[in-house]
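Asks: the following block contains a protein sequence and its predicted model.
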Amino acid sequence: MYRGCESERDIGTGSGWKRESPEKNGALSFLRAIYIACLKLRELEFKISKTRLLLARLAQESYSLKYGINCVHDPVTSRLPPEVISHIFVLCVPEPIDIPITFEDKGPSAPLLIGAVCKRWHEIAWSTPDLWTTLYFYLDLNTLPQQQKQLEQWLVRSGELPLSIHLGIKRRVGTISAFYPFIDIVNQQSYRWKGLYVYLPHILVSRLQVHNMTRSVLENLWVFPAAGGGPELGDSSDGLLKGTTVHSPKIIYIGAIHFGLINIKWNNATSVQLSQISLSECLHLFSSAPSLIDCSLHSLTEDSLHIAVPSTSTILHQLRHLEIEDSSWSISEALVDRLLLPALDVLEVDACSAESLRSLFIRSNCPIRTLAISETDVGDGLLVQVCQTIPSLEYLHILGECGFFDKIFHHLGTPSLIPEDGGQTFLPKLREIQVSGIRGYNWASIPKIFGFRPVSEEGKRHALNVSFNVCFRGEDEYIDEAVIPDILKIVAQGVNLTITDGDTSFDLITMSQEYHKVLQQNKHKVSQQNKQATEDRSTDSPMKSDMDD
């Protein structure tokens, strides 16, 4: 409103105006019209203000009404108490992956999605600490401030419950020290770590430390340093989980970190997977982990010259599964020769001699059921000698060049008569054979496997699953034509026999049938052509003789 239109009696007396004589009615009428217009504008603005307040109040009432309607219509919140709903929400959250292979940004997590449904769900979710105990962070320099704020919020919502923390990294460019504050916050919760899964550069892995911990609740430890981001862990100052208190997890997976730099207790360990440790460190692990049940060792290294390796056997009374992979022949054999495993159930090993395996089984007298071997010297019947020491074997898996199976196939197909010396029959419990690698056996030996199957106590023959994944050195090969009818007869009897091409995974039995069928057709065609040519020549010969006469 114009400042001179404060009231009707001020018409024409505002600043910059002089009172005029009553005779000048036209001027007064003009000023009065301005006043009336300004007054109406003020009244209209007042109504607009009141209407806005009314709309805001109505919007709030509408929100409250909708909230009430949702509470009535929601079959969950309208029928169940918050405590039950909270428990249901916890059950809806996916179980964390024990040993993640890769870390990815999977988008909003389940608790956030639950809280976004409605206000009541949001209230219940935010007041349920169990929903916030699993934390996934795929660290990114571009969003690090927001991630750090989210970390702090989740820690508050989780109360004091044990945590499962999963840390990966997306971008490794820029200053690696920018991630230090985030790692420091994680360290402050070390007394709450129940599961710690880390895929970070070495320098960030070395920054993981134990703070303010009176007792350990850590059960799962998975640490695999990512490439880049600083030097590798190479001295005692860069150890893993430094601190005055030591964790004692049960399940441990650690890669590319020196064994001596792992600051944990091994007495509670039941499942361990380590890589790039030496023979002496392996034996130290076994002596420090009496409860070990499952152990996988990868890429074992040579010992330093000044380290003495014990020559006596190390006994692991509870170890049931042992895997030794990607290690040299000498190291694998040296380790196997120093072990005594009376409870061994599964052995997976490559680059180990048949004699070392045989000695291990005799020495341990173990009830082994699964044997998976590759790159071994088990040719010339040595595998038969190994298998004769483990009559409990049910699953035999072979990877590599298989030049030893002709003899073992013969043993499997021989009637299971008790030997004269009173010894065990040959693999009476065998249920499965898997062979993958370059073929070094005769096709005709395969049907011999099924010449006889041992009979169980119930009078039924044990089922035997046999699969071959065949690789070829040069050109593709096919099953001998004379052997195919025997193989088809075995398959027709319900036996699970599969033979596949190692490169294409195609059914080699079917491929061989088609190959020989085409080959026979071509031979027949050539034979017919030759026969026709012979007949043509025979017909032409008399005509030529007549012409000569």
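Replies: Ah, there it is. Everything numeric in this text was worked out from a predicted model, so none of it was measured. Numbering: from 1, shown residues only.
Asks: distance from the chain centre to the host helix or strand of A125, please.
Replies: Using DSSP states H and E, A125 sits in helix 119-126. Between the centre of helix 119-126 and the centre of its chain there are 32 Å (Cα atoms, centre = their mean, to the nearest Å).
Asks: how about stretch 131-139?
Replies: On Cα atoms, centre = their mean, the centre of stretch 131-139 falls 17 Å from the chain's centre.
Asks: ok, residues contacting it?
Replies: 89-90, 93, 96, 103-106, 109-111, 114, 125, 147, 150-151, 154, 157-158, 161-171, 179, 182, 194, 200 (Cβ atoms under 8 Å, 6 or more residues apart in numbering). Every C-beta, even on glycine, is put in place using the N, C-alpha and C of the backbone.
Asks: redo that, cut-off 7 Å
Replies: Residues from elsewhere that reach stretch 131-139 (Cβ atoms under 7 Å, 6 or more residues apart in numbering): 89-90, 93, 96, 103-106, 109, 111, 125, 147, 151, 154, 157-158, 161-170, 179, 182.
Asks: what's the PyMOL syntax to select whichever of those are buried?
Replies: If you want just the buried ones from the contacts of stretch 131-139 in PyMOL, going by 16 or more other Cβ atoms under 10 Å, the selection is:
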select buried, resi 89+90+93+96+103+109+111+125+147+151+154+157+158+163+164+165+166+167+168+169+179+182
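Asks: count the neighbours of L218 for me.
Replies: 26 (other Cβ atoms under 10 Å).
Asks: report the beta-bridge partners for the nearest residue to it once chain neighbours are set aside.
Replies: Spatially, and ignoring its direct neighbours in sequence, L218 is nearest to H247 (4.3 Å; Cβ to Cβ, 6 or more residues apart in numbering). Beta-bridge partners of H247, counted by DSSP bridges, are I264.
Asks: so how far is Q209 from H247?
Replies: 11 Å (Cβ to Cβ, to the nearest Å).
Asks: which neighbours do those two share?
Replies: L241.
Asks: and the residue nearest to L218, what does it touch?
Replies: 210, 216, 218, 241, 264.
Asks: number of nearby residues for the second one?
Replies: Applying the criterion other Cβ under 10 Å, we find 19 residues in the vicinity of S216.
Asks: that one reaches K250, doesn't it?
Replies: No. Checked against Cβ atoms under 7 Å, the pair S216 and K250 is beyond contact range at 10.7 Å.
Asks: what count of nearby residues applies to L319?
Replies: 26.
Asks: before we move on, what about L91?
Replies: L91: 7 neighbours (other Cβ under 10 Å).
Asks: how near is it to P111?
Replies: 13 Å.
Asks: picking up where we left off before, from the contacts of H247, which is closest to P75?
Replies: Proximity of the contacts of H247 to P75 (Cβ to Cβ) peaks at L218, which lies at 40.1 Å.
Asks: could you measure from the closest one over to P447?
Replies: 55 Å.
Asks: wait, G502 touches F468, no?
Replies: No. In this structure, G502 is not within contact of F468 by Cβ under 7 Å, at 9.1 Å.
Asks: more neighbours: the two, which one.
Replies: F468 (25 against 16).
Asks: quick one, what contacts that one?
Replies: So F468 contacts 435, 499 (Cβ under 7 Å, 6+ apart).
Asks: so where does it fall, helix or strand?
Replies: Per DSSP H and E: strand 465-471 holds F468.
Asks: direction included, what does that strand pair against?
Replies: In the sheet, strand 465-471 lines up against strand 432-438 (parallel), strand 497-501 (parallel) (DSSP bridges).
Asks: how many neighbours does the residue nearest to D501 when sequence neighbours are not counted have?
Replies: Leaving aside its chain neighbours, D501 sits nearest to L508 (5.3 Å; criterion: Cβ to Cβ, 6+ apart). Residues within reach of L508, counting by other Cβ under 10 Å, total 23.
Asks: the helices in this structure, which residues?
Replies: Counting by DSSP state H, the chain has helices at residues 25-73, 82-92, 110-115, 119-126, 144-157, 180-188, 202-205, 279-288, 329-336, 354-364, 382-388, 405-412, 484-492, 508-548.
Asks: between these, which gets nearest to E302?
Replies: Proximity to E302 (Cβ to Cβ) singles out helix 329-336 among the helices of the chain, at 6.9 Å.
Asks: contacts for that closest one?
Replies: So helix 329-336 is in contact with 279, 282, 300, 302, 324, 349, 351-353, 356-357, 360, going by Cβ under 7 Å, 6+ apart.
Asks: what comes up buried for it?
Replies: Quick answer for helix 329-336 (16+ other Cβ under 10 Å): 331-336.
Asks: out of these, which comes closest to Y478?
Replies: Using Cβ to Cβ, the buried residues of helix 329-336 come closest to Y478 at S332, 35.8 Å.
Asks: thinking again about what came up before, got JSON lines for the strands paired with strand 465-471, with mean pLDDT, distance to F259 and mean neighbour count too?
Replies: Shown next, in JSON lines, are these (pLDDT from 0 to 100; distance: least, Cβ to Cβ, whole Å; neighbours: other Cβ atoms under 10 Å):
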{"stretch": "strand 432-438", "mean pLDDT": "88", "distance to F259": "32", "mean neighbour count": "17"}
{"stretch": "strand 497-501", "mean pLDDT": "91", "distance to F259": "40", "mean neighbour count": "18"}
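Asks: so which of those is nearest Q528?
Replies: Of all these, strand 497-501 comes closest under Cβ to Cβ, at 32.0 Å.
Asks: ok, the residue nearest to L344 when sequence neighbours are not counted - contacts?
Replies: For L344, ignoring the flanking residues on the chain, the nearest one in space by Cβ to Cβ, 6+ apart is C366 at 4.0 Å. Applying Cβ under 7 Å, 6+ apart to C366 gives the contacts 341-344.
Asks: pLDDT score for S527?
Replies: With respect to pLDDT, S527 has a value of 79.
Asks: from T534, how far off is it?
Replies: According to Cβ to Cβ, S527 and T534 sit 10 Å apart.
Asks: what of A351?
Replies: In terms of Cβ to Cβ, A351 sits 61 Å off from T534.
Asks: for those two, indicate the residue with more neighbours.
Replies: A351 (20 against 10).
Asks: the more buried one against D326, yeah?
Replies: No. Between A351 and D326 there is no contact under Cβ under 7 Å: 8.6 Å.
Asks: E45: how many residues sit nearby?
Replies: 11.
Asks: where does pLDDT dip in the stretch 301-450 of the chain?
Replies: 304-311, 375-381, 401-404, 414-424 (pLDDT under 70).
Asks: still on that earlier bit, what's the ChimeraX line that selects buried ones from the contacts of helix 329-336?
Replies: Buried residues within the contacts of helix 329-336, by 16+ other Cβ under 10 Å, are selected in ChimeraX with:
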select :279,282,300,324,349,351,352,353,356,357,360
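Asks: closest to L464 out of the contacts of helix 329-336?
Replies: L357 (22.3 Å).
Asks: in space, what's closest to that closest one - neighbours in sequence excluded?
Replies: Nearest to L357 is V386, by Cβ to Cβ, 6+ apart, at 5.2 Å.
Asks: L335 versus the one you found, what's the distance?
Replies: Taking Cβ to Cβ, one finds V386 at 17 Å from L335.
Asks: this completes my enquiry, with thanks.
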